[in-house]
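*Asks:* For reference, the sequence and a predicted model appear below.
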Amino acid sequence: MAAREVLFKCLNCGHEYPGMFDMDNVTERTCPKCRSNSVRRLPKPKAESKK
Amino acid sequence: MMDVGRHPNVELLSFSEVESVAGFVGNFHVTIRKKARYVNPDECNTCGECAKVCPVAVPDEYQQGFTSRKAIYLPFAQAVPSSYVLDMENCLGVNPIACGKCQEVCEKKCIDYDDQDELINVEVGVIIAATGMDVYDPTEYDEYGYTRYENVITSMEFERLICAGGPTEGHFIRPTDRKLPKSIGFIQCVGSRSRDGRGNPYCSNICCMNTVKDTLLLCDHYPGTEIKVFYMDIRAFGKGFEDLYMRSKEEGVKYIRGIPGEVLEEVDSKNLVLTVENTTTGKLEKHELEMLVLSQGVIPRRDNDQIRKLLTLSTTSDGFIMESHPKLKPVDAPTKGVFIAGCLESPKDVKDSVTQAGAAAARASILLNAGKTKIEAITSMVDPEKCNYCGVCARVCAYNAIIAPDKKTKKLPVIIQAACAGCGACAAECQQDAIYMRHFRDEQIMAQIEAILARDPHKQLVTFACNWCSYAGGDMAGTSRLQYPTTCRLIRTMCSGRVDEKFVMHAFKLGAPMVLVSGCHFADCHYISAVHWTQKRMDRLWSKFDRLGIRAERLQLEWISAAEGQKFARVMRGMEEKMARVTLEEIEYTMKAIAEDEARELAKKDKVDSVEVEV
């Protein structure tokens, strides 16, 4: 699966930022703002995922 | 190489490639493809008559393309075995009508156009990987004009030109006029220490001293040659290296601190004009040189990924193969029985490569001489009663230590105990709880969670910490006398990959206000890629929290290395601040939501089971 752009959210400071995500090539996530690793890949909005 | 070729205990398989590796420490089954040489190496006496009559000429890779070779050729003068080889891609002789001249002149009759690749199976106890590296191609740096200007060459090409066995027999000439250049420049760090998206961010380790050596060679062979080295730093850290650097300076080599931004060629003279900001003086300078050498960096082998997959290894972000531990096990690979040496692991010079190779051989001989190996009792086991043959365990295992089950034949997964490293990722991913990990069984970890949350659960900070990094990071914080909250309660697992979803849910169900899962940084993971599964599992858990209406922020994830005591303490302080914001009502809601969800899941499972019984 190719890398695609997704939205990440830091669960430490709440900062949201776009980034690349590749299911087959998992990389360490670090919040660019607070350096926390509690970075979550936000699920696609339902309308978008239906498309 | 000659010694290796002649050694009675060494079987040298040149011109061969490893196709597959199966098994485990002490019992590796390796399949090797011995490529067809089309020349019998036992018979060939390297008379060279075949090459003389061969009509095909192609650039000689060994001589960096400065000369040509024939389709039948000796790879290089000291090649072992000393035998010609036929490059079938360029040979005309597949059809003897087209050529076949080499076969005609070969008195020993050792050329066979019908030679085929041969697959060899060998059983070995240990494997040492020492596959080397590649060099960076500087064409990306367009401003240096490599390949555009003939007098701009790489350090590898310089080696061939100055070498007595090279195309000019060691007479250094510049390509455009075949004359000895009066002025030569070297540009350092081409493709190394780069942050502009070109080249690589790491230092290639060997280029500085290689250039110092080259300047000394030039001073020795051609006194009076004007030599300039453009650099950002000279890294002369090895034994005797500083002396060499000083000697080079004393010989008159000019070291200019600054990397040229532009190289232009003068049309008539073919001289090169470099524009550089001398960062020592802060002035913009122009230097006219007759020849320019680009000190190209080192890159991982282009087929490193293939090697990684064959031996179930992991790579660093630079693409080099990662060692088991950078300080304590620098030549051990994470896979038991596999050792690494040389530039496969990182860029290094000959001395370091030889040292590492010696260490790898010694480590390997310890295993071989012992004849048996001790393994940790912390390995995974299969519960045949619970397994539904889904095969997730085999897919998760980074060590290929699990032979996949077969649903059709009801064959259970088999865990090769000698290959299992004990990360526990399989146990955490198995939805049927059919895999358990000795010493870190579900019941044992659940009991720890229950003990922590038995009294005042809303005041406890449940933290899962991996044995190697995060737990050691906690130790580091303690021994460094760093202050962190006393509410922190650590549960040690061998790897964060062992932290099952149900451990986290159980902690929240028992009233934990916050849970932290911590592990090694990706580059430090002691279990190749087990930590990847932790991150995937956390994504799943956060999504589940959304579904249940629980704040995802209450479950935190941090990668803390053994040296990051400061980070450990900082994370714990942050966790306590967050814990203070979790209300009792929120905790109660969470407990209820999880209990209801579990009841729903159980009811669903019971329904499925009862349907299966009816059928």
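*Replies:* Alright, I've got the coordinates.
*Asks:* Let's verify residue B:464: helix, strand, or coil?
*Replies:* Of the three states, residue B:464 takes strand under DSSP: H, G, I helix; E, B strand; the rest coil.
*Asks:* From residue A:10, how far out is residue B:549?
*Replies:* Relative to residue A:10, residue B:549 is positioned 21 Å away (C-beta to C-beta, to the nearest Å). Yep, even glycine has a C-beta here, placed from its N, CA and C like the rest.
*Asks:* Show me which of these two is the more surrounded one.
*Replies:* residue A:10 (22 against 9; other C-beta atoms under 10 Å in any protein chain shown).
*Asks:* Just confirm that one contacts residue A:35, I think it does.
*Replies:* No. Using C-beta atoms under 8 Å, residue A:10 is not in contact with residue A:35, being 9.3 Å away.
*Asks:* Test my guess that residue B:439 contacts residue B:381.
*Replies:* No. Applying C-beta under 8 Å as the test, residue B:439 and residue B:381 come out as separate, 10.9 Å apart.
*Asks:* Could you count how many residues lie near residue B:42?
*Replies:* Neighbours of residue B:42 (other C-beta under 10 Å): 9.
*Asks:* Hmm, I typed the wrong one, I wanted residue B:383.
*Replies:* 13.
*Asks:* Is it correct that it is in contact with residue B:437?
*Replies:* No. Using C-beta under 8 Å, residue B:383 makes no contact with residue B:437, being 11.4 Å away.
*Asks:* now the helices for the stretch 351-500 of chain B?
*Replies:* B:392-396, B:425-429, B:442-452, B:470-479 (DSSP state H, counting those that start in this stretch).
*Asks:* how far out from the middle of the chain is the last one?
*Replies:* Distance of helix B:470-479 from its chain centroid, counting by C-alpha atoms, centre = their mean, to the nearest Å, is 28 Å.
*Asks:* and what of stretch B:541-554?
*Replies:* Counting by C-alpha atoms, centre = their mean, stretch B:541-554 comes out at 36 Å from the chain centroid.
*Asks:* likewise stretch B:339-349?
*Replies:* That offset, for stretch B:339-349, works out to 10 Å (C-alpha atoms, centre = their mean).
*Asks:* Can you name the residues in contact with it?
*Replies:* Stretch B:339-349 has contacts (C-beta atoms under 8 Å, 6 or more residues apart in numbering or on different chains) with B:126-133, B:202-206, B:209, B:238, B:297-298, B:300-301, B:304, B:307, B:313, B:318, B:320-323, B:330-333, B:353, B:356-357, B:359-360, B:363-364.
*Asks:* go again using 7 Å as the cut-off
*Replies:* Stretch B:339-349 is contacted from outside by B:126, B:128-133, B:204-206, B:209, B:298, B:320-321, B:323, B:331-333, B:353, B:356-357, B:360, B:363-364, using C-beta atoms under 7 Å, 6 or more residues apart in numbering or on different chains.
*Asks:* Equivalent analysis for stretch B:594-610, please.
*Replies:* Contacts for stretch B:594-610 (C-beta under 7 Å, 6+ apart): B:505, B:508-509, B:548.
*Asks:* What of stretch B:419-438?
*Replies:* B:24, B:336, B:376-383, B:386-388, B:392-393, B:396-397, B:399-402, B:440, B:442, B:493-495, B:497-500, B:527, B:530, B:533, B:537.
*Asks:* so who does the residue most central in space within chain B touch?
*Replies:* For chain B, residue B:321 is the residue whose C-alpha lies nearest the centre (C-alpha atoms, centre = their mean; 2.0 Å). Residue B:321 makes contact with B:304, B:308, B:313, B:315, B:340, B:344-345 under the criterion C-beta under 7 Å, 6+ apart.
*Asks:* Which per-residue confidence value corresponds to residue B:237?
*Replies:* pLDDT for residue B:237: 88.
*Asks:* again but with residue B:614, I slipped
*Replies:* pLDDT, read off for residue B:614, is 50.
*Asks:* now swap in residue B:481 and tell me
*Replies:* 95.
*Asks:* And for the one 4 residues further on?
*Replies:* Reading off the confidence values, residue B:485 has pLDDT 94.
*Asks:* same deal with residue A:46?
*Replies:* pLDDT for residue A:46: 59.
*Asks:* cool, the one 4 residues further on as well?
*Replies:* At residue A:50 the predicted local confidence, pLDDT, stands at 49.
*Asks:* what residues does chain B put near chain A?
*Replies:* Residues of chain B found near chain A (C-beta under 7 Å from any C-beta of the partner chain) are B:521-522, B:532, B:535-536, B:539, B:542-543, B:552-553, B:556-559, B:574.
*Asks:* and with 8 Å instead?
*Replies:* Contacts of chain B with chain A, taken as C-beta under 8 Å from any C-beta of the partner chain, map to B:521-523, B:529, B:532, B:535-536, B:538-539, B:542-543, B:546, B:552-553, B:555-559, B:574.
*Asks:* Run a quick neighbour tally on residue 18.
*Replies:* The chain I'm using is chain A. 10.
*Asks:* Chain B is the one I meant
*Replies:* Residues near residue B:18, counting by other C-beta under 10 Å: 18.
*Asks:* can you check residue A:9 too?
*Replies:* Around residue A:9 there are 19 residues (other C-beta under 10 Å).
*Asks:* I'd say it and residue A:29 touch.
*Replies:* No. When contacts are counted by C-beta under 8 Å, residue A:9 is not listed as touching residue A:29 (10.4 Å).
*Asks:* what's the overlap in contacts for the two?
*Replies:* Counting by C-beta under 8 Å, 6+ apart, the residues touching both residue A:9 and residue A:29 are residue A:39.
*Asks:* Now for residue 31: which residues touch it?
*Replies:* Just so you know, I chose chain A. Residue A:31 neighbours (C-beta under 8 Å, 6+ apart): A:10, A:12-13, A:15, A:17, A:37-39.
*Asks:* Hmm, no, I was thinking of chain B.
*Replies:* B:18-21, B:119-121.
*Asks:* Repeat the analysis, applying 10 Å as the threshold.
*Replies:* Residue B:31 makes contacts with B:17-22, B:119-122, as judged by C-beta atoms under 10 Å, 6 or more residues apart in numbering or on different chains.
*Asks:* tell me which element it is part of?
*Replies:* strand B:27-34 (DSSP states H and E).
*Asks:* after that strand, next one along is what?
*Replies:* Assigned by DSSP H and E, the successor of strand B:27-34 is helix B:49-53.
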